[in-house]
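J.: Give me coordinates for this.
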Amino acid sequence: MNGSSVLESFKGDEHLKYFLEKDFDQGNYTSNVIKSSSVSESVQKLSSGIHNLDRELHTQVSVHHEELLNQVSNITDLEAMLAVVKSGVDQLQDSMDKIATEISAPAEIMRAKTMQLSRIHQACELLRKVIRFLYLSRKLKGHMQAGTRELSKAAQCILEFDILRKEADLTGIHAIDGEAQWIAKAGEDVMNSASKMLSQGMETQNQADVAAAVQVFYNLLMLQPKVDATISNLTQRLKQSISALLAFGPADVQSKDGLKNVVWNRIEKMMDSIYTYCVQIWHLQRVLSKLRDPATHVCLLDSITEDGKPTIIQVFWQTITNYMTENMVNSAKKFPPVEAILVGEFPKLFRIFNEFLKKVQTHHVEMKNLAGSITTLDQTFFLNSLNFFKTLYLQKSVGKIVDAINKSFPEKILPSGKEIPPNEEISAIVGIISSELEQARTSSEDLLVAAVQAVMKAVKLFAQRTQALISIDPAASQVTDPINVTQIKNAKIFNILDTLHGFLTNFLSACSENVKIVGDPIDLEKQAKSIVVPIFLRATKQFESVLFSIHKEDFNSDTFNTTEGGSNYIKILQAQVTHFQSEILTSFAPRFLNPLLTEMAIRLINFFIRQASLIRPLSESGKLRLAADMAQLEFVVSLLTPVKELGSTYRSLRAFRPLIFRETQLIPDSQELEYLPTSVVLHHLISRASASLISPQTHRGWSNLRYSEWMDGKSEGEILAGIKAALDAYVAQVNAKGEKQFAPEYPVMMTLLTRWAEKNTNKDR
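T.: You can find the predicted model right below:
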């Protein structure tokens with residue numbers, strides 16, 4: 001930096017540029033510096049400028065040393081210049097000293113005043129807090145004198161005391177120290193009074209007391225820890241009570257009341273204790289759900305419970321349920337006599353628990369379904385605490401039945417040793433099942449459902465064991481001879497199955513749908529039907545064979561001689577049905593037979609109508625004879641089941657009788673068509689026609705028997721298609737012969753076919 005650059009820097013500096021002015025006045029400069037409040041900065045700038053000047057002078061002397069020596073002759077001028085410079089420097093130093101003197105005094109005064117102001121402010125703030133403290137003290141004394149009515153206001157004062165203490169240290173102030181001890185004592189009194197009020201209010205279910213106590217702890221910002229501590233205390237007390245009640249030992253066996261009475265008394269006391277504590281927790285939760293913060297209007301219960309988390313009653317319920325479950329199982333395992341009582345009389349235990357839940361539900365309703373209360377899931381969780389005893393009970397229950405079944409139906413028996421158990425043993429099995437189910441029914445529906453499910457497993461075993469006794473050789477299904485030894489044995493097994501099925505059906509009829517769903521004794525029914533279904537199939541085939549012999553009768557005769565009992569085939573049928581009913585079926589209980597008899601009757605009527613419609617030719621006398629056979633058939637079928645209970649099948653038989661006498665042209669409008677299949681009507685119309693209108697079976701080259709068997713596996717539409725094919729062949733034959741007129745039955749048949757097609761087309765749509 002050369003000399004010119006130093007001067008240039010002075011020109012650019014706000015503090016030093018004034019020294020380069022020709023009319024520089026140190027007085028004005030000093031005044032301006034003081035006014036601008038930048039004294040320290042100006043002094044610093046001046047010191048820096050002097051230093052720069054000194055350094056620049058030294059530099060210039062060093063650089064121009066030779067020239068200076070050459071100018072020694074001008075020393076006088078140099079001294080004069082130095083004197084001028086020294087004078088300027090002295091003046092500058094004097095100015096700086098004067099500035100420092102003028103600035104330091106006001107600065108010291110300002111520093112002192114600032115400190116005084118800070119101390120005054122602190123004193124005022126402290127005094128304000130002292131005044132507030134003393135005001136709150138007087139206010140607290142008034143609240144304390146008012147008793148529990150203003151306990152929450154006292155709590156607000158105590159909270160404010162704590163806030164004041166945190167904001168400032170008030171110790172050492174006589175007015176404060178004199179009140180501090182009393183205030184601490186008042187805080188303890190408020191806490192103790194609120195705790196006592198909360199405890200008593202929960203025990204007596206006094207909403208006012210609980211609400212007042214809750215408000216105190218909320219005002220003290222202690223609601224969450226106090227609620228947690230209260231729940232924890234109640235939980236611990238109840239756990240101790242449960243542990244004491246479930247602590248059984250040898251001394252209880254020797255009790256004068258007997259171990260059984262001791263066990264049940266303690267179980268009931270345990271339920272009462274749990275209910276009592278639950279009600280207290282409920283009461284607290286109910287009050288918390290009603291109170292709200294006066295400023296934010298937030299429910300106090302929400303302030304201590306997170307969204308989606310269990311409520312305090314639900315947490316308490318789950319905790320106690322788990323503890324009770326663990327203690328009951330451990331007590332039973334440690335002391336087997338207790339396990340024997342709880343398992344042997346489990347329905348009573350289950351009933352006690354259900355009655356407890358009913359009390360809980362009643363209280364829930366009285367509390368108007370308080371949100372966050374005990375749910376159905378929580379109740380199920382509570383009942384599941386008995387699963388250990390429930391499993392053992394059901395195993396024992398099923399074991400009794402299985403033992404009785406094994407005794408009556410040994411699993412491994414020799415073919416020669418397949419003896420049917422006597423009625424006494426079967427009655428014993430039914431009695432055991434009845435006893436177990438009745439015990440469960442007196443307890444609850446849930447236990448009854450479980451018991452029925454367990455019993456059904458034993459029933460399935462019962463059905464399997466009876467299967468080993470059933471004979472399946474051909475003699476077991478014969479229907480022509482008197483009942484044989486094999487059938488008598490099967491009938492006894494059938495009746496055993498019927499007995500058990502009848503009991504279960506009667507029992508379940510008085511139960512709810514939930515029980516019926518799991519208690520259907522279908523295995524017994526299947527096993528029983530496996531005995532009689534082959535007999536019915538054999539009999540049905542035989543009866544069909546008799547009815548099919550209708551085609552051997554002459555229905556084309558011009559004369560009709562009434563013979564008692566109808567045609568020969570009807571007489572044979574009646575004899576065989578009578579034999580079947582009196583010789584075979586009388587040994588079997590009717591429960592499972594009635595549906596089979598109804599099914600058989602329906603089959604015989606439909607089979608008769610089919611064969612009657614195929615009779616060809618059929619004269620007027622033949623119609624009278626056929627009508628008489630129909631009347632006699634009603635009587636024969638009535639030997640099996642009441643014909644009027646056969647519904648549409650019976651109406652078909654009654655409709656076929658007038659149809660055969662109806663004039664051909666009137667048939668399309670006759671009411672009998674409502675009850676008869678179209679195929680039957682068409683077959684009958686073919687029987688009226690001349691031989692040129694061939695029958696469907698003739699068209700196919702089949703016999704009546706084969707055609708009848710074919711129809712058994714076909715739908716009405718397929719049968720009508722076969723008839724239509726025969727009619728088409730007839731039309732082709734007429735056209736080939738050049739005939740001008742069809743048989744009178746043909747247009748009627750085509751009308752019926754068209755109607756059926758239209759009706760079924762609309763139905764499909």
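
J.: So what does residue 8 have for phi and psi?
T.: phi -60, psi -40 (degrees, to the nearest 10).

J.: Check which helices and strands the helix or strand containing residue 397 sits against.
T.: Residue 397 belongs to helix 387-408 when assigned by DSSP states H and E. Contacts defined by 3 or more CB pairs under 8 Å, 6 or more residues apart in numbering; DSSP states H and E place helix 387-408 against helix 312-334, helix 336-344, helix 346-366, helix 423-443, helix 445-467. (Glycine included, C-beta is placed from N, CA and C.)

J.: Out of the ones you listed, which gets nearest to residue 673?
T.: When those are compared by CB to CB, helix 445-467 sits nearest residue 673, at 46.8 Å.

J.: Give the buried residues for that closest one.
T.: For helix 445-467, the neighbour count (16 or more other CB atoms under 10 Å) marks 447-452, 454-456, 458-459, 461-463, 465-467 as buried.

J.: And it, what does it pack against?
T.: So helix 445-467, by 3+ CB pairs under 8 Å, 6+ apart, packs with helix 346-366, helix 387-408, helix 423-443, helix 485-509, helix 513-518, helix 522-548.

J.: Reformat those helices into JSON lines and put mean neighbour count next to each item.
T.: Compiled in JSON lines, those are given as follows (neighbours: other CB atoms under 10 Å):
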{"stretch": "helix 346-366", "mean neighbour count": "17"}
{"stretch": "helix 387-408", "mean neighbour count": "18"}
{"stretch": "helix 423-443", "mean neighbour count": "18"}
{"stretch": "helix 485-509", "mean neighbour count": "19"}
{"stretch": "helix 513-518", "mean neighbour count": "14"}
{"stretch": "helix 522-548", "mean neighbour count": "19"}
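
J.: Mind putting the ones you listed into a markdown table with mean pLDDT?
T.: Shown next, in a markdown table, are the helices and strands packed on helix 445-467 (pLDDT from 0 to 100):
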| stretch | mean pLDDT |
| --- | --- |
| helix 346-366 | 85 |
| helix 387-408 | 89 |
| helix 423-443 | 88 |
| helix 485-509 | 91 |
| helix 513-518 | 84 |
| helix 522-548 | 93 |
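
J.: Put together TSV for these, with distance to residue 198 on each row.
T.: Shown next, in TSV, are those (distance: least, CB to CB, whole Å):
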stretch	distance to residue 198
helix 346-366	20
helix 387-408	37
helix 423-443	39
helix 485-509	53
helix 513-518	44
helix 522-548	60
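
J.: Nearest to residue 759 among those helices would be which one?
T.: That would be, of the helices and strands packed on helix 445-467 and by CB to CB, helix 522-548, which comes in at 29.9 Å.

J.: got the angle for that closest one vs helix 445-467?
T.: 50 degrees (axes from the mean of the first three to the mean of the last three CA atoms, to 10 degrees).

J.: Could you check how far helix 522-548 is from the centre of its chain?
T.: 46 Å (CA atoms, centre = their mean, to the nearest Å).

J.: Run through the neighbouring helices and strands of it.
T.: Where contact means 3+ CB pairs under 8 Å, 6+ apart, helix 522-548 is packed against helix 445-467, helix 485-509, helix 568-579, helix 593-614, helix 704-712.
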